[in-house]
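1. Turn this into a model:
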Amino acid sequence: MAVAAVDEAPLEFLQLVADPLRWQLLGHLARSDRRVSEVAQLVGKAQNLVSYHLGELRTGGLVSARQSSADGRDTYYRLELARFGQLFVSAGAALHPALQLAPPSLKAPAATKGKQRVLFLCTGNSARSQIAEALLTNRTNGVVEARSAGSDPKPLHPNAVRVMAERGIDISGSNTKHLDRFARARFDRVITLCDKVKEICPEFPGEPVTAHWSMADPAAAAPNDADSYPAFVRAVDEIEVRVNLLIAELVHSADAERSVHVIR
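-> Numbering: from 1, shown residues only. A predicted model of the protein is given here:
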């Protein structure tokens, strides 16, 4: 009688994430990019121990790192959520075909107490935060109210307009704004996309959920617009992935809120 072979390939992934401390680190990085010192404080462990485990996760391709643009001595760690999801799904499918999973539908979150409001911040409000605002608005058909601003606003970058137009989204008429404009506004989430802004980000009323997406300024990749164009393409690609993941979070939080109302 033939016995089907068991695929042992997912074992390496499962063993890598099974360590309780590593699982904690992944949980915190799933919500925001963080420095070693920040993660160490959150998990209550020594920085050298946290650094070791982050190194193991980097070797396994689950975590990436980028030097801070605010302080070159610091490094921001990011969970590669898309890769993690692929490996997680593959592990289930390898055990039994009935365990094949599909990612959640990126439907627009239904309003419960009005629209969910998200504010994106960077330095110039000329590219990264504008791109994030436009993508979130487009992907949710405006059900989520997205806004963006900067600590030192500059004119909208032509490459940001160009790359977004190539993807069917027109941001040419968007105005750049100073973050002080929203100082008294209430948001459900505030997301910084620039390491420098993260260091000076003010507190907003209502205690919104905060997160940091550590992203290089695409305009700084080359001295002229023609040469910096590829950096803008990469930036939009990365922001699009993160926005899609954010939408899944918003869907989950909206569903959870509806469940609470149903129970009540």
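2. use CA for all of it now, contacts and neighbours both
-> Noted.
3. buried residues in the host helix or strand of residue 85?
-> Assigned by DSSP states H and E, residue 85 belongs to helix 81-95. In terms of neighbour count (16 or more other Cα atoms under 10 Å), helix 81-95 has its buried residues at 81, 84, 87-91, 93-94.
4. next one: stretch 153-162
-> Using 16+ other Cα under 10 Å as the test for burial, stretch 153-162 gives 153-154, 156-162.
5. thinking again about what came up before, and which of the buried residues of helix 81-95 is nearest residue 58?
-> Residue 58 has its nearest neighbour among those in residue 84, at 11.8 Å by Cα to Cα.
6. For this structure, which segments count as strands?
-> 34-35, 63-67, 75-79, 117-122, 145-150, 189-192, 209-212 (DSSP state E).
7. how about the ones you listed in TSV, adding distance to residue 223?
-> What follows is these, written out as TSV (distance: least, Cα to Cα, whole Å):
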stretch	distance to residue 223
strand 34-35	29
strand 63-67	20
strand 75-79	25
strand 117-122	20
strand 145-150	21
strand 189-192	24
strand 209-212	27
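8. before we move on, back to that, which of the buried residues of stretch 153-162 fall within helices?
-> Mapping the buried residues of stretch 153-162 onto helices (DSSP state H) picks out 158-162.
9. can you state the direction angle for the helix holding residue 85 and strand 63-67?
-> 170 degrees (axes from the mean of the first three to the mean of the last three Cα atoms, to 10 degrees).
10. how far out from the middle of the chain is helix 81-95?
-> Centroid displacement of helix 81-95 relative to its chain, using Cα atoms, centre = their mean, to the nearest Å, is 19 Å.
11. Point out the other helices and strands that it packs with.
-> Judged by 3 or more Cα pairs under 8 Å, 6 or more residues apart in numbering; DSSP states H and E, helix 81-95 is in contact with helix 10-18.
12. Name the surrounding residues that touch the helix it packs on.
-> Helix 10-18 is contacted from outside by 22-23, 56-57, 60, 87, 90-91, 94, using Cα atoms under 8 Å, 6 or more residues apart in numbering.
13. One more pass at 10 Å, please.
-> Outside helix 10-18, the residues that touch it by Cα atoms under 10 Å, 6 or more residues apart in numbering are 22-26, 53, 56-57, 60-62, 84, 87-95.
14. which stretches of the stretch 51-200 of the chain have low pLDDT?
-> The model of the stretch 51-200 of the chain has pLDDT under 70 over residues 100-114.
15. Tell me how far residue 73 lies from residue 67.
-> Distance of residue 73 to residue 67, given as Cα to Cα, to the nearest Å: 7 Å.
16. next one: residue 51
-> As judged by Cα to Cα, residue 51 and residue 67 stand 15 Å apart.
17. Could you dump the buried residues of helix 81-95 into TSV with distance to residue 186 added?
-> Shown next, in TSV, are these (distance: Cα to Cα, whole Å):
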residue	distance to residue 186
81	28
84	33
87	37
88	36
89	37
90	40
91	41
93	43
94	45
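18. What is the nearest of those residues to residue 31?
-> Of the buried residues of helix 81-95, the one sitting nearest to residue 31 (Cα to Cα) turns out to be residue 81, at 10.0 Å.
19. Report pLDDT for the nearest residue to the closest one once chain neighbours are set aside.
-> Nearest residue to residue 81, sequence neighbours excluded (Cα to Cα, 6 or more residues apart in numbering): residue 30, at 6.9 Å. Note for residue 30: predicted pLDDT of 94.
20. okay but residue 30 is in contact with residue 79, surely?
-> Yes: assessed by Cα atoms under 10 Å, residue 30 is found in contact with residue 79 at 5.8 Å.
21. Neighbour count for these two, which is higher?
-> residue 79 (25 against 16; other Cα atoms under 10 Å).
22. Contact partners for the more buried one?
-> Applying Cα under 10 Å, 6+ apart, we find residue 79 in contact with 25-34, 54, 57-58, 61-65.
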